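Visitor: Okay, here's the prediction I keep looking at, along with the sequence it came from:
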Amino acid sequence: MEFKIQHTWNDFPVSHEPVVIRFTPENAGIQMEVSAPFFNDPPAPPSEPGKPFNGLWDYEVVEAFFLNDQTEQYLEVELCPHGQYLVLLLSGRRKVCKQELPLVFEVSRTGAKWNGRVLLPWSYFTPGTNKFNAFAIHGSGVDRIYEALYPVPQQEIQKGQKPDFHRLEYFKSFSLKSLMGEDWKQPVSELWASCKQIN
């Protein structure tokens, strides 16, 4: 399963080779691979690679969101070309219930490209995951660029509107069974069963 981020958040074509996200089924979860241009802007976050970093969305990052649109519970995964990552579980729009969950994140950079690979365990996926969106961010200050797999259509942009990756109504259908097989059943997640809002 492969997705290419070819538009900005407000539905204009990106001006570079698109970010590519691939998903591969594994017994323990889904392997997520990112292949993306490396802008090195902004510079690396002030934390060591291989660790979660809160506030990663302020840096160069690729993000994947997996949503149950009935409960508005969703998994947010952020990966940075410098090796940091962030995993959030949200119960309701922007309502974090668990944060900085651990991952094993492998990243490599060659010239103007970077590649990342991570296994997303089943326990991180909300029960009944059925929608998805993905995003990429780079640049600093007025040159900050926000990109979306499923952008807000240009005709729906309001005057003064800013990019907002939590516009869940623009997420599109996503089937774990199409990846895992029709007979597959999503494992029960103790993490979600104990999810309490922390903001």
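Guide: Looks like it came in fine.
Visitor: From residue 54, how far out is the most centrally placed residue in the chain?
Guide: Note on the chain: the residue nearest the mean C-alpha position is residue 64, at 1.7 Å, using C-alpha atoms, centre = their mean. In this structure, residue 64 and residue 54 are 18 Å apart, going by C-beta to C-beta, to the nearest Å. C-betas here are computed from N, CA, C, even on glycine.
Visitor: what does residue 114 give?
Guide: According to C-beta to C-beta, residue 114 and residue 54 sit 21 Å apart.
Visitor: Can you pick out the residue with more neighbours from the two?
Guide: The neighbour comparison of residue 114 against residue 54 (other C-beta atoms under 10 Å) goes to residue 114, with 24 against 13.
Visitor: contacting residues for the more buried one?
Guide: Neighbouring residues of residue 114 by C-beta atoms under 8 Å, 6 or more residues apart in numbering: 34, 35, 36, 37, 38, 81, 107, 108.
Visitor: distance between the ends of stretch 86-102?
Guide: 8 Å (C-alpha to C-alpha, to the nearest Å).
Visitor: Could you pull up the mean pLDDT of that stretch?
Guide: Averaged across stretch 86-102, pLDDT comes to 95.
Visitor: now stretch 142-149
Guide: For stretch 142-149, mean pLDDT is 96.
Visitor: which residues touch it?
Guide: With C-beta under 8 Å, 6+ apart, stretch 142-149 has contacts from 3-5, 7-9, 14, 19, 21, 41, 132-139, 163, 165, 170.
Visitor: residues of that stretch that come out buried?
Guide: Neighbour-count burial for stretch 142-149 flags 145, 146, 147, 148, 149 (criterion: 16 or more other C-beta atoms under 10 Å).
Visitor: Output those as JSON lines; include the columns secondary structure and distance to residue 176.
Guide: Shown next, in JSON lines, are the buried residues of stretch 142-149 (DSSP: H, G, I helix; E, B strand; the rest coil; distance: C-beta to C-beta, whole Å):
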{"residue": "145", "secondary structure": "strand", "distance to residue 176": "30"}
{"residue": "146", "secondary structure": "strand", "distance to residue 176": "27"}
{"residue": "147", "secondary structure": "strand", "distance to residue 176": "24"}
{"residue": "148", "secondary structure": "strand", "distance to residue 176": "21"}
{"residue": "149", "secondary structure": "coil", "distance to residue 176": "17"}
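Visitor: what about the helices in this protein?
Guide: Taking DSSP state H to define them, one finds helices in the chain at 176-180, 190-193.
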